[in-house]
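>>> Sequence first, predicted model second:
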Amino acid sequence: TCGAEIERGDPRESVIGRPWRGVFCGRRDRGSAVFREQAVRVRVLIATERLQLGIYRTHPSRPDSGLVAAPPPAIELLGPPRGWEAGGTDFADTSSATMALEPVFVLPGDHIDPSLIPSHPNKALRLGPGLRHVPPNDILPTLAGQLVTDRQKNAIRVETSEGHYIPRVGELVIGTVNKSAAEVYYVFLSDHTAPVLLPQLSFESATRKTRPMLAPGALVYARVSLANKHMDPEIECVSATTGKSDGLGPLAGGMLFDISIGMARRLMLPETATDGKVAVLDEFASLGLQFETATGRNGKIWVDSHSAKTVIAVGRAIQETDEKRLGVEDQKKLVKKFVKELS
């Protein structure tokens, strides 16, 4: 994770005095999953020639973490994290060590280093989507993506940006009604997948006489209430604890835009989050545009406004930010361009 680069090839081949190319460790913009095999071989190569090459340790829990041997002049370190210094800096003593590490990407069947798995004396480990427990003690990824840990909740999961959506209990989704049966609506959450069930009484203050009548094609903002591989998933438009809608229910008017699952996750991050922040909506609001949005974890965003031009501008800006992976500054420039076109 130090960002050193090395030429891909035979791991036994000496590279002293030669230019180093290719990814040694995970880079945020290129993804370590693509070069994982080369990265592993490089670690083996460096470990066998530790007196001649730069030795890098990627796990803060190890006593020899950090840069323990200076690299030759032919090697260039590209922005190593703070705390990595020549002479064997011990990452275990730095509180910012974990935050300094680059994201960890995994492929299905990869071995997960035990130091990346959170542990808590009083809480059981919670495996999120994309991971599977293989007795007795192995945890294997079932999806390709970024390994994300929550040490406070003692949980670990795999985040994916692409692919079809897999319903998970508690997530907010936007669905399209397909048809109605005696007691339920059949709702599509994504294309080319089986519909989920929406009980007709799963609305605020709904009875057999007052339940909403949803026609095919109607949009609903709902929460996943049941996700079991042996049963059809179910969604609801009411809180199970308060009996209130809490903003859920039919979505009237507006327009629905498709986005990636990763973009949907970014849009639903808390306001205090900085990594992966999406500034498009805040920028539009700061420039005086009035609109309403609802984001579904299934890769959907609904936009409504009194102006059709505003709806299209906001939706297109979100999609362009997603497709081009724009940073915050580029997002602000994009918003100004759309606002200028509106005027």
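Received it, and whenever you're ready, just let me know what you need.
>>> CA atoms for contacts and neighbours, from now on please.
Will do.
>>> Angles on the backbone of G217, please.
With angles defined as degrees, to the nearest 10, G217 sits at phi 100, psi -10.
>>> got a pLDDT number for it?
pLDDT for G217: 95.
>>> got a list of what L131 touches?
Counting by C-alpha atoms under 8 Å, 6 or more residues apart in numbering, L131 touches I139, L140, P141, T142, L143, R157, V158.
>>> swap in L214?
L214 touches V177, S180, counting by C-alpha under 8 Å, 6+ apart.
>>> returning to that earlier point: pick the one among the contacts of L131 closest to G243.
In terms of C-alpha to C-alpha, no member of the contacts of L131 lies closer to G243 than R157, at 30.4 Å.
>>> Relative to S343, how far out is the nearest residue to the closest one once chain neighbours are set aside?
Leaving aside its sequence neighbours, R157 sits nearest to G128 (C-alpha to C-alpha, 6 or more residues apart in numbering; 4.3 Å). Distance of G128 to S343, given as C-alpha to C-alpha, to the nearest Å: 46 Å.
>>> Over to A308?
Taking C-alpha to C-alpha, one finds A308 at 14 Å from S343.
>>> again with A285
Between A285 and S343 the distance is 15 Å, computed by C-alpha to C-alpha.
>>> Give the residue from these two that has the larger number of neighbours.
A285 (11 against 5; other C-alpha atoms under 10 Å).
>>> Only the buried residues of the helix or strand containing that one, if you could.
Using DSSP states H and E, A285 maps to helix 280-286. Using 16 or more other C-alpha atoms under 10 Å as the test for burial, helix 280-286 gives V280, L281, E283, F284.
>>> Run through the neighbouring helices and strands of that helix.
Packed against helix 280-286, as judged by 3 or more C-alpha pairs under 8 Å, 6 or more residues apart in numbering; DSSP states H and E, are the following elements: helix 308-324, helix 328-342.
>>> Need the winner for burial among the ones you listed.
Here the criterion is mean neighbour count by mean count of other C-alpha atoms under 10 Å, and of the helices and strands packed on helix 280-286 the winner is helix 308-324, at a mean of 18.
>>> Show me what it is packed up against.
By 3+ C-alpha pairs under 8 Å, 6+ apart, helix 308-324 packs against strand 255-258, helix 280-286, strand 300-304, helix 328-342.
>>> If we use 7 Å, what do you get?
Judged by 3 or more C-alpha pairs under 7 Å, 6 or more residues apart in numbering; DSSP states H and E, helix 308-324 is in contact with strand 300-304, helix 328-342.
>>> could the contacts of L131 be laid out in TSV, adding neighbour count and secondary structure?
Shown next, in TSV, are the contacts of L131 (neighbours: other C-alpha atoms under 10 Å; DSSP: H, G, I helix; E, B strand; the rest coil):
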residue	neighbour count	secondary structure
I139	19	strand
L140	18	strand
P141	21	strand
T142	16	coil
L143	21	coil
R157	21	strand
V158	22	strand
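>>> Let me know the closest of those to P114.
I139 (9.3 Å).
>>> so can I have CSV of the helices and strands packed on helix 280-286 showing mean pLDDT?
Output for the helices and strands packed on helix 280-286, formatted as CSV (pLDDT from 0 to 100):
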stretch, mean pLDDT
helix 308-324, 95
helix 328-342, 93
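>>> Those: which one's closest to T295?
For these, proximity to T295 was assessed by C-alpha to C-alpha; helix 308-324 is nearest, at 11.2 Å.
>>> Following element in sequence after the helix holding A285, please.
Going down the chain from helix 280-286, the next helix or strand is strand 292-296, by DSSP H and E.
>>> Name every strand pairing with that next one and say which way it goes.
Using DSSP bridges, the strands paired with strand 292-296 are strand 300-304 (antiparallel).
>>> any idea of the mean pLDDT in the partner strand?
For strand 300-304, the mean pLDDT works out to 97.
>>> Residues contacting it, please?
Contact with strand 300-304 is made by 174, 253-259, 264, 291-295, 311, 315, as judged by C-alpha atoms under 7 Å, 6 or more residues apart in numbering.
>>> filter those residues to the buried ones?
Buried by 16+ other C-alpha under 10 Å: 174, 254-259, 264, 291, 293-295, 311, 315, out of these.
>>> Walk me through the domains of this protein.
As assigned by automatic domain parsing, the chain contains the domains 1-102, 109-159, 172-252, 257-342.
>>> Pick out the shakiest of those domains, pLDDT-wise.
Ranked by mean pLDDT, the domains of the chain bottom out at domain 1-102, with a mean of 38.
>>> For the stretch 51-200 of the chain, which segments count as strands?
Secondary structure of the stretch 51-200 of the chain by DSSP state E, counting those that start in this stretch: the strands cover 55-57, 66-69, 104-106, 126-127, 131-134, 138-141, 145-150, 155-159, 172-180, 184-188, 196-199.
>>> Tabulate those strands (CSV), appending distance to P270.
Formatted as CSV, those follow (distance: least, C-alpha to C-alpha, whole Å):
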stretch, distance to P270
strand 55-57, 33
strand 66-69, 32
strand 104-106, 22
strand 126-127, 22
strand 131-134, 25
strand 138-141, 27
strand 145-150, 15
strand 155-159, 17
strand 172-180, 14
strand 184-188, 27
strand 196-199, 28
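>>> Please consider this matter closed, and thank you.
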